[in-house]
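Asker: Take this sequence and fold it.
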Amino acid sequence: MTAGPMFSWPVRIYYEDTDAGGVVYHTNYIKFMERARTEFLRSQGIELDVMEQEHRILFAIRSLSVEYRKPARLNDLLQVTVDFDAVRSASLAFRHAVVCGGVLLCEGTVRVASICADHFRPKAIPDFMQRQLAGLLAARDAC
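Answerer: Residues are numbered from 1 along each chain as shown. Okay, here's the model as predicted:
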């Protein structure tokens, strides 16, 4: 039996999220994934503004891949899931799924680089964050 995702965030589709065809505009899925990723980190006590202020760390998208399967429409209630595969010294590799009523609409993989807020060069993820996220991976893999 496969464990579920580490985190899931609900997203309601509003008129502003749709295009002229009445379906969610493709770039909005990326925004939904970003919000879910931020809320996942927040649920772990990791606040992005605190990371910048106290640790001089920013997270920048290094790579992104999205596969669209089916459209979401006005008023749909989506679940955007977050999981991740790796915690490296200066990057994280996330996986996302966007689901509506049990139907997979979209999948994405995102590599996030940790960079120094002062000069935008790679900077190691703080030890506390690496330990916390590595612990989540270990707990997931033990199931």
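Asker: for the most centrally placed residue in the chain, helix, strand, or coil?
Answerer: Within the chain, the residue whose C-alpha comes closest to the C-alpha centroid is Arg37; the distance, by Cα atoms, centre = their mean, is 2.9 Å. Using DSSP: H, G, I helix; E, B strand; the rest coil, the structure places Arg37 in helix.
Asker: Can I get the helix or strand bottoming out on mean pLDDT in the chain in PDB, CA atoms only?
Answerer: Of all the helices and strands that make up the chain, the one with the lowest confidence by mean pLDDT, DSSP states H and E is helix 127-142; it has a mean of 88. Backbone C-alpha positions of helix 127-142 (Å, rounded to 0.1, in the frame of the first residue of the first chain) are rendered in PDB as follows:
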ATOM      1  CA  ASP A 127      20.600  22.600   9.300                       C
ATOM      2  CA  PHE A 128      17.300  22.800  11.200                       C
ATOM      3  CA  MET A 129      15.300  22.800   7.900                       C
ATOM      4  CA  GLN A 130      17.400  20.000   6.400                       C
ATOM      5  CA  ARG A 131      16.900  17.800   9.500                       C
ATOM      6  CA  GLN A 132      13.200  18.500   9.700                       C
ATOM      7  CA  LEU A 133      12.500  17.700   6.000                       C
ATOM      8  CA  ALA A 134      14.900  14.700   6.000                       C
ATOM      9  CA  GLY A 135      13.000  13.400   9.000                       C
ATOM     10  CA  LEU A 136       9.700  13.600   7.000                       C
ATOM     11  CA  LEU A 137      11.300  11.700   4.200                       C
ATOM     12  CA  ALA A 138      12.600   9.000   6.500                       C
ATOM     13  CA  ALA A 139       9.200   8.700   8.200                       C
ATOM     14  CA  ARG A 140       7.400   8.400   4.800                       C
ATOM     15  CA  ASP A 141       9.900   5.800   3.500                       C
ATOM     16  CA  ALA A 142       9.500   3.700   6.700                       C
END
